[in-house]
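Novice: Okay, structure incoming, though there's no sequence with it:
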């Protein structure tokens with residue numbers, strides 16, 4: 001299970017919102033290229049771009065109309081090639097977002113598919129007759145309502161796990177698989193280092209399209225999608241054969257990474273490491289986002305995960321992304337520092353979401369926001385607060401653009417920005433950079449063994465150890481001081497605190513201040 005990703009730190013760039021070079025208010029490839037030196041200074045080494053393909057933007061690029069192009073909002077293929085070259089020149093890697101479960105309803109494949117029941121690409125999508133005057137079965141859309149859309153032209157329904165503008169592809173059709181493999185080869189030939197695969201566990205559906213069973217854990221207030229267990233619409237056994245063939249395509253180009261987006265319970269997620277290449281190289285683990293921010297809960301989940309992961313396989317922990325509320329908003333600024341220390345000291349491959357390194361919280365949408373690019377309100381919820389622009393300095397639009405940003409920046413952008421925090425040695429940005437320096441240089445944190453510590457009500461502790469190097473991570477998840485006994489504390493000192501203001505020696509016990517995390521090391525760095 002070796003690979004360059006064993007030492008990767010992934011930085012997730014939401015392309016719309018990172019940096020705008022042409023002044024139209026939307027982030028673009030040239031904007032990203034202009035910020036590469038900042039990212040190298042920060043200490044990340046792998047960039048993941050949200051979708052950049054031509055799209056009607058019903059779901060901000062996750063409805064792809066052409067897999068072999070660049071949306072003009074973001075730039076050109078020549079600019080992409082320049083970006084890839086610049087990334088590699090700095091010793092970094094570049095990942096693209098691959099969206100294989102569905103296309104846009106404007107994609108030529110689907111346009112042809114819906115033209116006639118005898119269309120050459122009809123079986124590229126999932127078309128069925130209705131039953132009993134309604135949809136073919138009870139499958140639901142993640143965005144609300146039935147997952148089936150009736151099409152007047154041919155009198156059948158097509159399946160969409162997400163928006164009706166995102167019809168699902170039929171991965172049981174070998175022609176679909178071959179076409180998508182060609183997409184992978186197109187970008188691999190241009191030098192990309194791998195792919196984050198969107199909703200990879202959705203690709204294969206039950207051949208008989210059986211109804212999903214009711215979810216006995218469903219309660220009022222949950223998303224209607226969760227009223228059913230998606231037993232037949234996702235996470236099917238055949239998915240592992242599909243992934244194995246995907247990985248063989250990547251192997252044609254050397255060491256290339258397949259990183260899977262998979263929202264499943266821990267025990268099912270662990271199965272996506274698989275055997276014989278029937279799984280992504282690394283599946284994302286979203287439990288730090290999903291679980292209550294409780295020391296016993298987190299400690300139990302991390303320990304269970306460490307037991308479940310095959311020896312030598314990297315984990316991929318995540319604190320934030322483009323679909324979930326930002327960590328600083330969920331937990332508050334003080335605990336966001338503690339969370340950053342947890343993320344960057346756990347084993348495996350961490351993923352940072354752009355802006356989390358400065359404590360970006362995002363702007364909660366008002367009535368004028370939470371619309372898609374066509375001016376339509378997305379069903380269910382708005383994700384705008386997770387996608388507001390990066391704040392670079394205290395100039396107009398926080399340095400994101402010379403025009404009007406597509407979403408507003410935070411009112412406090414004059415204080416919460418990269419330039420201000422680079423000048424502050426105790427800032428959130430300084431903490432992230434220091435943690436990444438330690439992760440790169442300290443063998444215990446970089447690749448050492450994980451050993452859980454005593455589980456307390458408010459304090460989470462664990463040890464990372466490698467030959468001749470040992471560190472204890474102690475995190476106070478409460479607003480009160482907490483005392484942590486330290487056995488064999490002789491020679492131990494605080495390597496770094498989340499406050500960046502102490503390096504004292506530890507003798508017998510460690511007293512954590514409210515909302516403080518520390519890394520304690522035996523011996524000097």
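Specialist: The structure has been received and is ready for your questions. None of the values given here were measured: they were computed from a predicted structure.
Novice: Do you have the helices of the chain handy? List them.
Specialist: For the chain, the helices defined by DSSP state H occupy 29-33, 36-42, 77-89, 108-113, 174-189, 239-251, 266-270, 287-290, 295-308, 327-331, 333-345, 418-422, 428-441, 443-447.
Novice: Dump these into a markdown table; add distance to residue 6 and mean pLDDT as well.
Specialist: Every C-beta, even on glycine, is put in place using the N, C-alpha and C of the backbone. Below are the helices of the chain laid out as a markdown table (distance: least, Cβ to Cβ, whole Å; pLDDT from 0 to 100):
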| stretch | distance to residue 6 | mean pLDDT |
| --- | --- | --- |
| helix 29-33 | 25 | 98 |
| helix 36-42 | 20 | 98 |
| helix 77-89 | 19 | 98 |
| helix 108-113 | 37 | 98 |
| helix 174-189 | 20 | 98 |
| helix 239-251 | 16 | 95 |
| helix 266-270 | 18 | 84 |
| helix 287-290 | 20 | 93 |
| helix 295-308 | 16 | 94 |
| helix 327-331 | 25 | 96 |
| helix 333-345 | 15 | 98 |
| helix 418-422 | 29 | 98 |
| helix 428-441 | 13 | 98 |
| helix 443-447 | 7 | 94 |
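Novice: Now render these as TSV, adding distance to residue 52 and mean neighbour count.
Specialist: Output for the helices of the chain, formatted as TSV (distance: least, Cβ to Cβ, whole Å; neighbours: other Cβ atoms under 10 Å):
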stretch	distance to residue 52	mean neighbour count
helix 29-33	7	23
helix 36-42	16	15
helix 77-89	7	16
helix 108-113	19	18
helix 174-189	10	16
helix 239-251	19	18
helix 266-270	28	15
helix 287-290	24	17
helix 295-308	32	17
helix 327-331	25	20
helix 333-345	26	22
helix 418-422	23	18
helix 428-441	25	19
helix 443-447	31	18
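Novice: for those helices, which one sits closest to residue 398?
Specialist: Among the helices of the chain, the nearest to residue 398 by Cβ to Cβ is helix 418-422 (9.1 Å).
Novice: Which strands or helices does the closest one pack on?
Specialist: helix 428-441 (3 or more Cβ pairs under 8 Å, 6 or more residues apart in numbering; DSSP states H and E).
Novice: Mind doing that once more with 10 Å?
Specialist: Counting contacts by 3 or more Cβ pairs under 10 Å, 6 or more residues apart in numbering; DSSP states H and E, helix 418-422 packs against helix 36-42, helix 428-441.
Novice: roughly how far is that helix from the heart of the chain?
Specialist: Put simply, helix 418-422 sits 25 Å off its chain's centre (Cα atoms, centre = their mean, to the nearest Å).
Novice: Arrange the helices of the chain in a markdown table, one row each, with distance to residue 501 as further columns.
Specialist: Output for these, formatted as a markdown table (distance: least, Cβ to Cβ, whole Å):
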| stretch | distance to residue 501 |
| --- | --- |
| helix 29-33 | 34 |
| helix 36-42 | 21 |
| helix 77-89 | 35 |
| helix 108-113 | 57 |
| helix 174-189 | 45 |
| helix 239-251 | 45 |
| helix 266-270 | 36 |
| helix 287-290 | 26 |
| helix 295-308 | 23 |
| helix 327-331 | 20 |
| helix 333-345 | 12 |
| helix 418-422 | 16 |
| helix 428-441 | 11 |
| helix 443-447 | 20 |
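Novice: May I ask which helix or strand of the chain has the lowest mean pLDDT?
Specialist: Sorting the helices and strands of the chain by mean pLDDT, DSSP states H and E puts helix 266-270 at the bottom, at a mean of 84.
Novice: what's next to that one, contact-wise?
Specialist: 201, 235, 260, 262-264, 279, 283-287, 291, 301, 304-305, 307-310, 313 (Cβ atoms under 10 Å, 6 or more residues apart in numbering).
Novice: again with stretch 432-440
Specialist: Residues from elsewhere that reach stretch 432-440 (Cβ under 10 Å, 6+ apart): 7, 9, 41-45, 337, 340-341, 343-345, 350, 352, 356-359, 421-422, 425, 427, 444-447, 471, 495-498, 500, 517, 519, 521, 525.
Novice: List only buried entries from the contacts of helix 266-270.
Specialist: Taking 16 or more other Cβ atoms under 10 Å as the criterion, what is buried in the contacts of helix 266-270 is 201, 235, 260, 262-264, 279, 283-287, 301, 305, 309, 313.
Novice: Which residue, other than its chain neighbours, is closest to residue 337?
Specialist: residue 498 (4.0 Å; Cβ to Cβ, 6 or more residues apart in numbering).
Novice: Over to residue 17?
Specialist: Closest to residue 17 by Cβ to Cβ, 6+ apart is residue 389, at 4.8 Å.
Novice: pretty sure that neighbour contacts residue 403?
Specialist: No. Counting by Cβ atoms under 10 Å, residue 389 does not reach residue 403; the two are 11.3 Å apart.
Novice: Now do the same for the residue lying closest to residue 107 once chain neighbours are set aside: its pLDDT.
Specialist: Once flanking residues are discounted, residue 107 sits nearest to residue 65: 5.0 Å by Cβ to Cβ, 6+ apart. Residue 65 is assigned a predicted lDDT (pLDDT) of 98.
Novice: on that earlier part again, counting neighbours around each, name which of residue 389 and residue 403 comes out higher.
Specialist: Taking other Cβ atoms under 10 Å, residue 389 and residue 403 do not tie; residue 389 has more neighbours (31 against 14).
Novice: Could you give the number of residues near residue 292?
Specialist: Neighbours of residue 292 using other Cβ under 10 Å come to 7.
Novice: Pull up the gap between it and residue 477, please.
Specialist: Distance from residue 292 to residue 477, counting by Cβ to Cβ, to the nearest Å: 10 Å.
Novice: cool, and residue 517?
Specialist: Applying Cβ to Cβ, the value for residue 517 to residue 477 is 9 Å.
Novice: Need the overlap of contacts for these two.
Specialist: Residues touching both residue 517 and residue 477 (Cβ under 10 Å, 6+ apart): 335, 338, 339, 342, 459, 460.
Novice: between these, which is nearest residue 243?
Specialist: Distances from residue 243 to those, taken by Cβ to Cβ, are shortest for residue 342, at 29.2 Å.
Novice: quick one: contacts for the spatially most central residue of the chain?
Specialist: Central residue of the chain (Cα atoms, centre = their mean): residue 321, 4.9 Å from the mean position. If you count contacts by Cβ under 10 Å, 6+ apart, residue 321 has them with 12, 14, 48, 50, 261, 284, 286, 289, 351, 353, 356, 383, 386.
Novice: same thing but 6 Å
Specialist: When contacts are counted by Cβ atoms under 6 Å, 6 or more residues apart in numbering, residue 321 touches residue 353.
Novice: for the one 10 residues further on, same thing?
Specialist: Under the criterion of Cβ under 6 Å, 6+ apart, the contact list for residue 331 reads 293, 339.
Novice: Same question for residue 383.
Specialist: residue 323 are the contacts of residue 383 under Cβ under 6 Å, 6+ apart.
Novice: what about it, distance to residue 59?
Specialist: Residue 383 is 10 Å from residue 59, by Cβ to Cβ.
Novice: And residue 13, by the same measure?
Specialist: Taking Cβ to Cβ, one finds residue 13 at 18 Å from residue 59.
Novice: Also residue 39?
Specialist: Relative to residue 59, and taking Cβ to Cβ, residue 39 is found at 26 Å.
Novice: one step back: let's have the helices and strands packed on helix 418-422 in CSV, adding distance to residue 109.
Specialist: Shown next, in CSV, are the helices and strands packed on helix 418-422 (distance: least, Cβ to Cβ, whole Å):
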stretch, distance to residue 109
helix 36-42, 35
helix 428-441, 42
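Novice: Which one of those helices lies nearest to residue 118?
Specialist: Of the helices and strands packed on helix 418-422, nearest to residue 118 by Cβ to Cβ is helix 36-42, at 50.0 Å.
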